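Peer 1: Have a look; sequence and predicted model below, questions after that.
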Amino acid sequence: MNKVQKDNQDMLPMSGEMVEVDGVYMNEAGREEHLHRGQHFPSDLTIGPTEWKLVEYAFDNHHDGRTDPRLVAKNENEDKKGFIATPKQFVEGTDH
């Protein structure tokens, strides 16, 4: 069985099943819903139980409009005690 056949046989989650991945999901009627892990897929008001397809992953590290501090470039290290810039900095027989 090739990948295309396998992808066609994968079943989408149905209404009532638990959400495993945070994101935006679309149902068969085209309605989009932002769901979180642990919630249950809702039924559609007009067609009842329906399949849901993940259309966009949720990224919660920029939700407040601030960049994650781990991604910001750091200023030069002011505390250079014990810092060796190059191996040539220390020559044998000298004490620092």
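Peer 2: Sure thing, it's come through. Numbering: from 1, shown residues only.
Peer 1: pretty sure Ala58 contacts Tyr25?
Peer 2: No - under the criterion of Cβ atoms under 8 Å, Ala58 makes no contact with Tyr25, lying 10.3 Å away. The C-beta positions use only the backbone N, C-alpha and C, and glycine is treated the same way.
Peer 1: got any residues that touch both of these two?
Peer 2: His34 (Cβ atoms under 8 Å, 6 or more residues apart in numbering).
Peer 1: of those two, who's got more company?
Peer 2: Tyr25 (21 against 14; other Cβ atoms under 10 Å).
Peer 1: Quickly run through the sheet partners of the helix or strand where that one lies, with directions.
Peer 2: Applying DSSP states H and E as the criterion places Tyr25 in strand 23-27. Sheet pairing of strand 23-27 (DSSP bridges) gives strand 32-35 (antiparallel), strand 52-57 (antiparallel).
Peer 1: is Leu35 in a bridge, and if so with what?
Peer 2: Bridge pairing for Leu35 - DSSP bridges - gives Gly23.
Peer 1: got a list of what Lys53 touches?
Peer 2: Contacts of Lys53 (Cβ under 8 Å, 6+ apart): Leu12, Tyr25, Met26, Asn27.
Peer 1: correct me, but the last one touches Leu45?
Peer 2: No - at 10.5 Å, Asn27 and Leu45 do not qualify as touching, with contact defined as Cβ under 8 Å.
Peer 1: For the two, indicate the residue with more neighbours.
Peer 2: Neighbour totals were compared for Asn27 and Leu45, and Asn27 leads with 21 against 8 (other Cβ under 10 Å).
Peer 1: per-residue pLDDT, the more buried one?
Peer 2: pLDDT recorded at Asn27 is 95.
Peer 1: try Ala58
Peer 2: 82.
Peer 1: Name the nearest residue to it, sequence neighbours excluded.
Peer 2: Excluding its sequence neighbours, the residue lying closest to Ala58 (Cβ to Cβ, 6 or more residues apart in numbering) is Asp22, at 3.9 Å.
Peer 1: Please, where are all the helices along the protein?
Peer 2: 3-9 (DSSP state H).
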